[in-house]
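Asker: Give me a model of this one.
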Amino acid sequence: MANIATVATAAILREDAARGCVTAHGLLRAMTRYYGRSYCVPTWSYDDYSRGCIYLQHGEKCSPTGVVQAWERYSRFLQAIWVRWYDDGGDHDAIFPYTADGYADREWCRYGFDRVRISGVVGLGDNLEKDGWYSEGPGIWGATISGSYLAGNDRCDLLVEYPRLPSPTTPARGHMFASETTFRWADDDIPAALVRHEQAIVAGGVAVEFRWRGRPTRVYQRRGDRWWGWYLDDWDNCVATGWLSEQSQQAARGRTGRCT
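Answerer: Presented below is the predicted three-dimensional model:
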């Protein structure tokens, strides 16, 4: 199989939509094929109806046709359906809204972090201290660093023997790095303050963890002679420009959603 897409959606309800007129269950059935069967990605939903938003996850092939079907069925109750789209043939999530005008322009989806922790690194102490890192124990360093990155959030359930980690929705499938010298942080637009230590961390570390408001969002672990990585991002640490604008508009209407 190919072009398996993990589709995370946030349906924004109209202010005049009555409670129960549209639910997570109803939206998910509209978005998935064959009466609820998702394409290779576990379904997940969270009905935050009191705050005007319904969150879902499902799998698609090639294009988000399920979003169009859901809009056709429930558009009279919706302002927009925001989509975070990861195709396993690509590298990074895209984000865009679907409204009465159809698809808006896509942008690469950025995710925020506010803390980084690395373990197992020896001989890096002096360099890390100069960048504001502090020791949390032998070979363990932490730093309060605010920034954002690009990521590919893969929730495909094929090849389940691959190592997996829990995420806010369903377990994230890990990917093994073919190279022994890089995490490809420059390609993911990781801040330069971290990229300059990347090779030393890969060579001498055993684990790296990015966090957002206390929860892991991006995790690396050395398993045997190879590194594995997991992306655990969700709407809560999504800092894409369009999505932040949507959240500001919701706040102006007196709605404070789950993701803020």
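Asker: helices and strands around the helix or strand of the chain with the lowest mean pLDDT, which ones?
Answerer: The least trusted helix or strand in the chain, going by mean pLDDT, DSSP states H and E, turns out to be helix 125-130, with a mean of 80. For helix 125-130, the packing partners by 3 or more CB pairs under 8 Å, 6 or more residues apart in numbering; DSSP states H and E come out as strand 140-143. For the C-beta atoms, the positions are set from N, CA and C on the backbone; glycine is no exception.
Asker: Other residues contacting the strand it packs on?
Answerer: With contact meaning CB atoms under 8 Å, 6 or more residues apart in numbering, strand 140-143 is reached by 115-121, 124-125, 128, 131-136.
Asker: for the stretch 1-150 of the chain, what spans make up the helices?
Answerer: 24-31, 65-74, 125-130 (DSSP state H, counting those that start in this stretch).
Asker: from those, which stretch is densest packed?
Answerer: For the helices of the stretch 1-150 of the chain, average neighbour numbers computed from mean count of other CB atoms under 10 Å are highest in helix 24-31, which has a mean of 20.
Asker: tell me the mean pLDDT over that one?
Answerer: The average pLDDT for helix 24-31 rounds to 92.
Asker: So which residues make contact with it?
Answerer: Outside helix 24-31, the residues that touch it by CB under 8 Å, 6+ apart are 7, 9, 11, 35-36, 43, 45-47, 54-56, 58, 66-67, 69-70, 73-74.
Asker: and with 10 Å instead?
Answerer: Counting by CB atoms under 10 Å, 6 or more residues apart in numbering, helix 24-31 makes contact with 7, 9, 11, 20, 22-23, 35-36, 38, 43-49, 54-60, 64-74, 77-78, 81, all of which sit outside it.
Asker: Whichever of those residues end up buried, select them in ChimeraX.
Answerer: One line in ChimeraX is enough to select the buried members of the contacts of helix 24-31, burial here meaning 16 or more other CB atoms under 10 Å:
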select :7,9,11,22,38,43,44,45,46,47,48,49,54,55,56,57,58,59,60,64,66,67,68,69,70,71,73,74,77,78,81
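Asker: what about the strands in the stretch 1-150 of the chain?
Answerer: 4-13, 44-48, 53-61, 78-87, 94-99, 102-103, 107-108, 110-113, 115-119, 134-137, 140-143, 147-150 (DSSP state E, counting those that start in this stretch).
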